[in-house]
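Asks: build me a model:
(one chain, ligands or ions: 2)
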Amino acid sequence: MNPDDERAGPDERAHPEQPESRGTPVGRRVLLGTLGVGALGVLTAPTLQRGLESFLGTAADKDPTGLTGLLPNGGGFRYYSVASSVPRKDATGYRLTVDGLVDRPTTHTLAGLRALPQTRVVRDVQCVTGWRVPDTPFEGVRLSRLLDAAGVRPEARAVRFTCFDGAYSESLTLDQARRADVLVALRMRDEDLGHAHGGPVRLYVAPMYFYKSAKWLSGITLTDEVRPGYWEERGYDIDAWVGRSNGRDDEPTG
Ligand SMILES: Nc1nc2c(c(=O)[nH]1)N[C@H]1C(S)=C(S)[C@@H](COP(=O)(O)O)O[C@H]1N2
Ligand SMILES: [Mo]
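Replies: Ligands and ions are numbered 1, 2, ... in the order given. Have a look, this model is predicted:
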């Protein structure tokens, strides 16, 4: 049995893009706190789930984060954006800056990124709640290559990612960022990344839950310590290894 299957059951984790909930992680934590462990114990899983859905349907109305991501994105993906509207960037207007604790701050165009060696990674896209898109090809430039080109200074320990949606951010330690399966992705499923999936350029952190893979990537900044990203400031794990984080203790499966 594929160990990933164990993650797809009714054991729901609070997660932003879950269409049934529309709740924030904070909202769900508050609910679980309110019910208490005893109440959870007597409810069957489906009953509990219905209860969560109706409660969180109400909670969504108070949602301060402007969540919008409930449109289907095709092929098993769920579209997700914390920004209500995101400008479109094409090959002419797109820029990616690498700055912070580097010797050579750099600005890349889309053509410049396409001209660099491309790496293909085929792994499962895994959401923290259980939706999963198996064997999804991503192609792009290894993040480590862009870091090396900019000349990371010895005092740098982490990387902060920012997005041209003006809202989202992410983070990795420098060691994580240098992994061979972390891409500045230009293509997904053998097509140029479309706007809905974070195109023209998104981050792809293959070994971690998909919230680490920042869409509409516009900035890579070397920092002296990890600065928690958008969802991490709202309760999600900074080290989001698939299977090992966000309350799970099973083995990572890549
Ligand atoms: N800029 C930005 N990147 C983001 C998000 C977002 O809201 N904004 N959501 C994250 C989450 S929680 C998920 S599951 C995936 C969704 O990617 P998709 O819309 O291509 O399915 O993007 C991640 N990257
Ligand atoms: Mo997600």
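
Asks: which residues of the stretch 151-254 of the chain lie near ligand 2?
Replies: Contacts of the stretch 151-254 of the chain with ligand 2, taken as CB under 5 Å from the ion, map to 210, 211. C-beta coordinates here come from the backbone N, C-alpha and C atoms, glycine included.

Asks: compute the first-to-last residue distance for stretch 144-161.
Replies: 14 Å (CA to CA, to the nearest Å).

Asks: ok, stretch 182-194 next?
Replies: 19 Å.

Asks: the chain should start at 23 in everything you say after this.
Replies: Let's use 23 as the start, then, which means that last one is stretch 204-216.

Asks: next to ligand 1, which bits of the stretch 123-272 of the chain? Give me the list.
Replies: 149, 185, 187, 190, 219, 220, 232, 233, 235, 236, 237, 238 (CB under 6 Å from any ligand atom).

Asks: the same query, at a cut-off of 5 Å, please.
Replies: 149, 185, 187, 190, 219, 232, 233, 236, 237, 238 (CB under 5 Å from any ligand atom).

Asks: just checking, the first one touches residue 232?
Replies: Yes - counting by CB atoms under 8 Å, residue 149 sits close enough to residue 232 to count as a contact (5.3 Å).

Asks: common neighbours of the two, please.
Replies: Contact criterion CB atoms under 8 Å, 6 or more residues apart in numbering; residues shared by residue 149 and residue 232: none found.

Asks: re earlier: just the residues of the stretch 123-272 of the chain next to ligand 1: which are in strands?
Replies: Among those, DSSP state E puts residue 185 in strands.

Asks: distance to residue 212 added to the residues of the stretch 123-272 of the chain next to ligand 1, as CSV?
Replies: Output for those, formatted as CSV (distance: CB to CB, whole Å):
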residue, distance to residue 212
149, 22
185, 24
187, 25
190, 25
219, 13
232, 19
233, 24
236, 22
237, 19
238, 21
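
Asks: got the contact list for residue 168?
Replies: Contacts of residue 168 (CB under 8 Å, 6+ apart): 120, 128, 130, 206, 242.

Asks: pipe those residues into JSON lines and attach secondary structure and neighbour count per row.
Replies: Listed next are the contacts of residue 168 as JSON lines, based on DSSP: H, G, I helix; E, B strand; the rest coil; neighbours: other CB atoms under 10 Å:
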{"residue": "120", "secondary structure": "strand", "neighbour count": "23"}
{"residue": "128", "secondary structure": "strand", "neighbour count": "16"}
{"residue": "130", "secondary structure": "strand", "neighbour count": "22"}
{"residue": "206", "secondary structure": "strand", "neighbour count": "24"}
{"residue": "242", "secondary structure": "strand", "neighbour count": "26"}
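
Asks: which members of those residues are the farthest-apart pair?
Replies: 128 and 206 (12.1 Å; CB to CB).

Asks: direction included, what does the host helix or strand of residue 129 pair up with?
Replies: Assigned by DSSP states H and E, residue 129 belongs to strand 128-131. Paired with strand 128-131 in the same sheet, following DSSP bridges, are strand 117-122 (antiparallel).

Asks: now do the strands in the stretch 73-222 of the chain.
Replies: In the stretch 73-222 of the chain, the segments counted as strands under DSSP state E, counting those that start in this stretch are 117-122, 128-131, 141-148, 154-164, 180-185, 191-195, 204-210, 213-214.

Asks: ramachandran coordinates for residue 255?
Replies: phi -70, psi -20 (degrees, to the nearest 10).

Asks: list the contacts for the residue nearest to residue 219 when sequence neighbours are not counted?
Replies: Excluding the flanking residues, the one nearest residue 219 by CB to CB, 6 or more residues apart in numbering is residue 210, at 5.9 Å. Residues in contact with residue 210 (CB under 8 Å, 6+ apart) are 158, 159, 160, 161, 219, 226.
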